[in-house]
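Sequence below, structure please.
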Amino acid sequence: MMTYLFLPVFFLPLTAVSAPSTCSAQGDFDQPAFMADGDITIGGIFPLHYRVELPTSDYTKKPSAPQCQGFDSRALRWALAMRLAVDEINNSADLLPNHTLGYRIFDSCATPVTAQRAVLAVLNGQDVAETSMCLGGVPLLAVVGESGSSQSIVVSRTLESFRIPMISYFSTCSCFSDRKQFPTFFRVVPSDDYQVKAIAQLLKRFGWTWVGVVTEDHDYGRFALQGLKREIENTDICLAYHEMIPKDFRRERVLEILNVMRSSTARVVVVFSGEGEFDPFLREFMNQNITGIQWIASEAWVTASILAETYPFLAGTIGFAVRQGYVPGLKEYLTTVNPQRYPLNPLVQELWGALYGCSPLSSNTSAQLPLCTGQETLSKQHTAYMNTSSPRVTYNVYKAVYAIAHSLHNLFQCVPGYGPFNESSCADTNDIHPWQLQHYLQEVSFSISGEQVNFDARGDSVPSYDLINWQRQPNGDTDFVKVGLYDGARDAGKELLIQDQAVVWPGNQSKASCAPGFRKAARNGEPLCCFDCIPCDNGKISNQTDSIDCMACPEEFWSNANGTACIPKVIEFLSYRDTMGVVLMVIAIVGSCLTAAVLATFVYHRETPIVRINNSELSFFILLSLTLCFLCALIFIGEPTSWSCMVRHTAFSITFSLCISCILGKTLVVLAAFTATRPGNNIMRWLGPTQQRIIIFSCTLVQMIICAAWLIASPPFPYRNTQYQRSKIILDCKVGSELAFWCVLGYIGLLACLCFILAFLARKLPGNFNEAKYITFSMLIFCAVWLAFVPAYVSSPGKFTTAVEIFAILASSFGLLLCLFAPKCYIILLRPEKNTKQHLMGKATK
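Numbering: from 1, shown residues only. Predicted coordinates for the structure are as follows:
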């Protein structure tokens, strides 16, 4: 894996020099997502995007900055909660009077690499050269961030060098409780040490003694697993297996994990993972049709609405969520954020793109999206952004900002002579150092939304969780229902409280039912009341609640996306509206027009030697038949009907037979003309104009007879194919008699091969314009095209079968036109001096 390390450069005065100190940034830093000036500045780092594309590097030049992808509207809500808290504090007459808070909020892209860039950008500010970092105290006093534990490790260790405290709102790794490694780290979310205690008590409470564990391959998952093993040690609970979801999704590895889950007898699975890593795993889990799993969710995904909406089989999941709080005015504040108020903020433009699939008129960042006004109304349906009914992580951000504000307030209230620092001194309010603020953070205690907030010696807050149960409603929605709580402040063994009657387990039909689109599947070895709700297979539906089985749709119908109704199948054929149909139609029309133009040229120059030298009448017949060959391709496009199916094949076969018959006649004439120069040879009297017409008519008549027999015995007919692709009806022409179809093609091939052989024999006859060699090459192309057509025709599905046949017609027609007439048109139009009998017979004067 390629790792990029970004290092800031700070110039510290080592010795006394006369020149003033200056700072310079070694590279460009990202601009803040949001910022505001104030007397005191705090930083904010949020995963406003959930993935990052690292630049490639050949190690010969500086790599470009990583590119953030995948906008996360939920994280934007967290960032706006920080702004709301700062605005409330600045408008408060009781908290930090006569002082204002400023902020700089940056995007971490949910990745340690970009989290490193974000924290350096927060430290350096917008213009490093103008900050006081070279001369005195650091202007940044604290940072609110980050959500992921891996990102928080990077951020905390960077800030530790400057003794700047950070308060995390969602990093739960138990590793942060080590004050030796993370001396400046605080958090308003409980440590995983308490979460694994709560999960261990939950397992004991319901007698689940044989469980599997799935974790993400990050510090969060590894430390959580260690904690759970420690908690269940010396108990009856055993781990059946432990599997890690790979950082970079690999289907082969995920299938290995799913095979372990399928073969294991453990039906209870504890998952420590973020929703981003867990989502592709669940997608593959659903495809494998594994049932009967009771999911135990960690706080990282237990309230993930996107998972609940996407994977209905997760109904019955139970797990511990961060405590719910109350953020006054949050909903109203979120609705004030729109492109009109923030026309230059790219995050607001991305928000509109995520919520409405459109680009505001003031934006240039999403030109591929349809335009909108930017005045659209935010509503309840935008749950990821507008979910303000039960704020959890958002409430933690809100608490973190107030913790900083109360600590600063206490710092400003310090009375000289009674302070906590050397000789009972207080901090200099004009030059506050971050380590001084950390002292007050360690001691802070305040009440917000009815909750007492403080930190223990390790920087952790009082552990408290809500027990959440995923319950599927009759309308198909999944609700997160609080069925208990875990309070770490209670006596040992009494922390967990559960309302047993409120819990709905998977398949427990005293509380839930199988919605339409699903069927009931009994569990082996369990009572009949225990069953799973299995989605109906494609092509089957259930339109009633608690269906025992799914009904198959009629042959010409297919199930809708929800599996609740049968809808007519899509009918597919090569249409004039298809891109492929339009392209083939244009090529056919261009070919026919080009052939007509050549015909007109030959008629106009019909008295010239190059037109007359080899029977101009045959040339006119060939050009006329080629025009019909191009036009007959149009009959293959459009909805097949009884008459079009019969006409398309017969017209194609007769026009091509006429064309090849004319070429055969011309080849015989060329061969006879040079042979007749021998003494005593009078073969030309048997190949006069009348005999040539008889040859053409006879060869074409044979094909007409074959086609007539075909139409009488078993003609082509339209066919609705419902078996090849079950979700569609492929409308095409069945050839009727396979024997007749291949006889038609075989006869054309026979004529072409005969032409090729005769022309090949005459290719070296004298003359500057020996037409036999052009006929040889044209027949070679013709045969190659139709030999390639056979396997392509047999293997092509649906409308592509028709397209292959049209392509063969057009390709062979163009091959005949160019090989036979391009050299003549070149002489007629561009080299008229060669259009003489002497030159064409090879007797021109040198």
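
alpha carbons only for contacts and neighbour counts from here, please
Noted.

To which secondary structure element is G43 assigned?
Using DSSP states H and E, G43 sits within strand 40-46.

Repeat that for A521.
Secondary structure (DSSP H and E) places A521 in strand 518-522.

what's the following helix or strand after that strand?
By DSSP H and E, the next helix or strand past strand 518-522 is strand 531-535.

For the stretch 251-400 of the chain, just list every one of the helices.
Under the criterion DSSP state H, counting those that start in this stretch, helices of the stretch 251-400 of the chain are mapped to 251-263, 275-287, 305-310, 330-335, 346-356, 383-386, 393-412.

hang on, I meant the stretch 551-700 of the chain
579-604, 609-612, 616-632, 642-675, 689-713.

Check which residues of the last one are buried.
In other words, helix 689-713. 692-693, 695-696, 699-700, 703-704, 706-707, 710-711 (16 or more other C-alpha atoms under 10 Å).

likewise the longest one?
The neighbour-count criterion (16+ other C-alpha under 10 Å) identifies 644-673, 675 as the buried residues of helix 642-675.

Kindly list the main-chain dihedrals of L496?
The phi and psi values for L496, taken as degrees, to the nearest 10, are phi -100, psi 130.

Three-state assignment for the nearest residue to it once chain neighbours are set aside, please.
Distances taken as C-alpha to C-alpha, 6 or more residues apart in numbering put Y486 closest to L496, at 4.6 Å, once the chain neighbours are dropped. The three-state label given to Y486 by DSSP: H, G, I helix; E, B strand; the rest coil is strand.

Count the neighbours of Y486 for me.
Applying other C-alpha atoms under 10 Å, we find 26 residues neighbouring Y486.

Off-centre distance for stretch 451-461?
Its chain's average C-alpha position is 42 Å from that of stretch 451-461, according to C-alpha atoms, centre = their mean, to the nearest Å.

contacts for that stretch?
177-179, 185-191, 403, 441-447, 462 (C-alpha atoms under 8 Å, 6 or more residues apart in numbering).

so how far is stretch 216-231 from its chain's centroid?
31 Å.

Can you list the buried residues in it?
For stretch 216-231, using 16+ other C-alpha under 10 Å, the buried residues are 216-225, 227-229, 231.

Equivalent analysis for stretch 540-557, please.
Using 16+ other C-alpha under 10 Å as the test for burial, stretch 540-557 gives 540-543, 546-547, 550-553, 556-557.

Now tell me which of the buried residues of helix 689-713 the prediction trusts least.
Among the buried residues of helix 689-713, Q692 has the lowest pLDDT, at 75.

how about that residue, what does it touch?
Shown in contact with Q692 (C-alpha under 8 Å, 6+ apart): G665.

so how far is L751 from it?
15 Å (C-alpha to C-alpha, to the nearest Å).

cool, and L623?
L623 is 18 Å from L751, by C-alpha to C-alpha.

Which of the two has more residues huddled nearby?
Neighbours were counted for L623 and for L751 using other C-alpha under 10 Å; L623 has more, 25 against 19.

Hmm, L599 and the more buried one touching each other?
Yes: with contact defined as C-alpha atoms under 8 Å, L623 counts as touching L599 (6.0 Å).

sorry, back to before: select from the helices of the stretch 251-400 of the chain the stretch with the lowest mean pLDDT.
Looking at the helices of the stretch 251-400 of the chain, the weakest mean confidence is helix 383-386, a mean of 72.

Let me see the confidence value for L618.
80.

nearest spatial neighbour of it, skipping sequence neighbours?
That would be C662: by C-alpha to C-alpha, 6+ apart, it lies 6.1 Å from L618.

ok, L54 to I245 distance?
As judged by C-alpha to C-alpha, L54 and I245 stand 21 Å apart.

Likewise for Q294?
18 Å.

between the two, who's got more neighbours?
I245 (22 against 19).

mind checking the backbone torsions on the closest residue to that one other than its chain neighbours?
Once flanking residues are discounted, I245 sits nearest to E216: 4.9 Å by C-alpha to C-alpha, 6+ apart. The phi/psi pair for E216 (degrees, to the nearest 10) reads phi -80, psi 160.

List the residues that contact E216.
Per C-alpha under 8 Å, 6+ apart, neighbours of E216: 222, 244-247, 272-274, 277-278.
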